[in-house]
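Novice: quick one: sequence plus predicted model below, questions after.
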Amino acid sequence: VTGVQYYTGQLFDMESITKAGHEQGCRVGFDLAHAVGNAPLKLHDWNVDFAVWCCYKYLNSGPGTIGGCFVHGRLTGVPQEDGKVVETGNDLKRLAGWWGQEQNSRFTMLDSFNPIPGASGFRLSNPPVLCVASLDVSLQVFAKAGFDKLRSKSLLLTGYLEYLIDNTVPSGHIKIITPRDPNQRGCQLSLLFSHNAAVVSVSSALAKGGLIADVRKPNVMRIAPVP
């Protein structure tokens with residue numbers, strides 16, 4: 001399931017979705033490519049089973065860098081402080097790399113896989129150092145700023161952009177298809193143009209002014225005032 005819909009920018013209620021899925025006996029995982037670094041995430045508290053994401057969008061790690069993966073601690077055999085039931089997660093299909101093998105048997109080259117409890121058991125091999133370095137620098141900025149402050153600024157910037165579009169663009173030319181409720185979106189606004197050619201010309205004009213938007217043909221522009 002997606003956390004933030006890439007086309008419309010809608011932010012979904014992941015806690016409710018997870019609860020509903022579990023009530024039906026399902027594992028619940030999320031694609032957070034457009035959510036991480038953009039919207040508040042409390043995956044452990046929401047009891048999400050797993051999630052994956054890239055880091056080159058809102059986490060600003062640069063193109064081609066590493067992605068991320070979350071697996072709830074209760075699925076890794078690690079006792080949970082919040083009392084959640086501990087499982088082995090054996091039903092989860094995953095890549096098993098030698099770097100995740102318990103250290104005592106890592107170099108014995110057994111034909112069985114005994115993962116290290118916790119996140120370390122999901123390691124495959126050494127990560128690329130330069131990719132980790134660029135991501136680390138970005139995460140330091142996030143940590144210093146504090147995500148609550150970033151989210152507050154994001155709400156203000158996106159709300160102001162919404163206000164400008166509503167009050168300066170002539171009626172009938174553009175429709176905001178992102179939810180109007182700030183709690184149902186990140187910092188992305190998706191604009192539906194009434195004329196297909198206009199979206200390209202407007203995007204080009206913005207680029208000349210130093211503003212980069214994303215065009216999804218035939219007639220949608222995604223623009224995000226990232227804090």
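Specialist: Thanks, I have it.
Novice: from here on, contacts and neighbour counts on C-alpha atoms
Specialist: Noted.
Novice: point to the helix or strand of this structure where mean pLDDT is at its lowest.
Specialist: Among the helical and strand segments of the chain, the one scoring lowest on mean pLDDT, DSSP states H and E is strand 68-71, with a mean of 91.
Novice: what's the first helix or strand after that strand?
Specialist: helix 129-145 (DSSP states H and E).
Novice: not counting the next helix or strand after that following helix itself, show me its contacts.
Specialist: Toward the C-terminal end, the helix or strand that comes next after helix 129-145 (DSSP H and E) is helix 147-168. With contact meaning Cα atoms under 8 Å, 6 or more residues apart in numbering, helix 147-168 is reached by 38, 39, 40, 182, 186, 187, 188, 189, 224, 225, 226, 227.
Novice: per-residue pLDDT, the nearest residue to the fourth one once chain neighbours are set aside?
Specialist: With sequence-adjacent residues excluded and distances taken as Cα to Cα, 6 or more residues apart in numbering, residue 182 is closest to residue 155, at 6.7 Å. Reported pLDDT at residue 155 in the predicted model: 97.
Novice: ok, residue 155 to residue 36 distance?
Specialist: 16 Å (Cα to Cα, to the nearest Å).
Novice: and residue 110, by the same measure?
Specialist: 37 Å.
Novice: of those two, which one has the most company?
Specialist: A count of neighbours by other Cα atoms under 10 Å puts residue 36 above the other of residue 110 and residue 36, at 21 against 10.
Novice: I figured the more buried one was touching residue 59, is that so?
Specialist: Yes. Between residue 36 and residue 59 there is a contact at 7.1 Å, judged by Cα atoms under 8 Å.
Novice: look up phi and psi at residue 66.
Specialist: phi -70, psi 160 (degrees, to the nearest 10).
Novice: what does the pLDDT read for it?
Specialist: Residue 66 is given a pLDDT of 91.
Novice: can you list the low-confidence ranges for the chain?
Specialist: 77, 80, 82-92 (pLDDT under 70).
Novice: quick one: strands adjacent to the least confident helix or strand of the chain?
Specialist: Using DSSP bridges, strand 68-71 pairs in its sheet with strand 50-53 (antiparallel).
Novice: could you dump the partner strand to CSV, C-alpha only?
Specialist: Taking C-alpha atoms only, strand 50-53 is exported to CSV below (Å, rounded to 0.1, in the frame of the first residue of the first chain):
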residue,chain,number,x,y,z
PHE,A,50,7.1,-3.5,7.1
ALA,A,51,7.8,-0.6,4.8
VAL,A,52,10.3,0.4,2.1
TRP,A,53,11.4,3.7,0.6
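Novice: list of residues touching it?
Specialist: Outside strand 50-53, the residues touching it (Cα under 8 Å, 6+ apart) are 28-34, 36, 67-72.
Novice: what about residue 7, how many residues nearby?
Specialist: When neighbours are counted by other Cα under 10 Å, residue 7 comes out with 17.
Novice: one more: residue 73?
Specialist: Using other Cα under 10 Å, residue 73 has 23 neighbouring residues.
Novice: wait, it touches residue 118, no?
Specialist: Yes. The pair residue 73 / residue 118 is scored as a contact, 6.3 Å apart, by Cα under 8 Å.
Novice: hmm, back to that, for residue 57, see how far away the residue nearest to residue 182 is.
Specialist: 18 Å.
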